[in-house]
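Student: need a structure here:
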Amino acid sequence: MAEVTNGTHHAPSAAELYDDIWTQAYGDMQDVGPVHRHMRRLLDGVLGELDYDSVLDVGCGAGHNLPVIAAGRRLKRVTGLDVSPEALRRAEARSAAEFVRADIQREHPDRTWDLVFSSLVLEHLADDEAALAHMRAMTARHLVVVTIAGDFERYRPWEEQMGHVRNYRRGELEAKLTSAGFDVQRTIYWGFPFYTPIARTLQNRMTVEPSFSASTRLLARIMHTVFRLNSSRRGDLLIAVAQPSAPATARTESSSERAGA
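Tutor: Here you go, the predicted model:
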């Protein structure tokens, strides 16, 4: 496992924070949770439309999404990046991908990938705009990000358990992507009505556990079935697909060519 450094040490508090989340909250939710399963279903369709030979998973966690990213492809390079040593330890146990430890808010590897992918990361980051700028520097063709939209205050009890610091207002992420140098190609807002607002409201009364009991696993299967009825035009699971914006000079030249055609 490599480690990126910008000449300063990683803030121990960031690594410790995410290590705690991985040991105290994350686990079965990522494997069998109904929202995560539907997220991977939606991503299968989104990624199937993109052309890429190399991929970087920013905030890869334990590597749950790497099989979706690589499905049906012979990728030349697969890399996972995370700030949490605990998450990377789990990822290395389940994948032969290359892994890098770095804080995406502060630094990035000096390379590019065809696809930069980031799932359920931005809602954790105090400086999401810095993270998007670092992702832009590494994106050769496509960016796919998944995050949580909605009313943070309404769902604060659950969101704070998960280590989230924000939910995105509709259009907010799109604006930040544009400011970071991306052209947004497509967005999906999924989850109404059974995830948003019903399940999200009920989550406020729950305590997250890394391991599901037998009854919780049964409930997760039932919810997964019910969630098939959710809308992909309205809801709080947000998927955005973007490409790097063309440089200003390239846009000007293209406009001049069209005018002279």
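
Student: can you check which helix is longest in the chain?
Tutor: Counting residues, the longest helix in the chain under DSSP state H turns out to be helix 34-48.

Student: for the record, mean pLDDT for that helix?
Tutor: For helix 34-48, the mean per-residue pLDDT is 97.

Student: so which bits of it are buried?
Tutor: 34, 35, 36, 37, 38, 39, 40, 42, 43, 46, 47 (16 or more other C-beta atoms under 10 Å). Yep, even glycine has a C-beta here, placed from its N, CA and C like the rest.

Student: can you check stretch 187-202 too?
Tutor: Applying 16+ other C-beta under 10 Å to stretch 187-202 flags 187, 188, 189, 190, 191, 192, 194, 195, 196, 197, 199, 200 as buried.

Student: out of the residues you listed, who's nearest residue 165?
Tutor: The nearest member of these to residue 165, counting by C-beta to C-beta, is residue 200 at 16.7 Å.

Student: name the element the closest one belongs to?
Tutor: According to DSSP states H and E, residue 200 maps onto helix 200-203.

Student: quick check: phi and psi on residue 225?
Tutor: phi -70, psi -50 (degrees, to the nearest 10).

Student: what's the answer for residue 57, then?
Tutor: phi -100, psi 110.

Student: what sits against the nearest residue to it once chain neighbours are set aside?
Tutor: Leaving aside its chain neighbours, residue 57 sits nearest to residue 80 (4.7 Å; criterion: C-beta to C-beta, 6 or more residues apart in numbering). Listed by C-beta atoms under 8 Å, 6 or more residues apart in numbering, the contact set of residue 80 reads 56, 57, 60, 63, 66, 88, 91, 95, 97, 98, 99, 100.

Student: just the closest of these to residue 204, please.
Tutor: Nearest to residue 204, judged by C-beta to C-beta, of these is residue 60 at 28.3 Å.

Student: cheers, nothing more for now.
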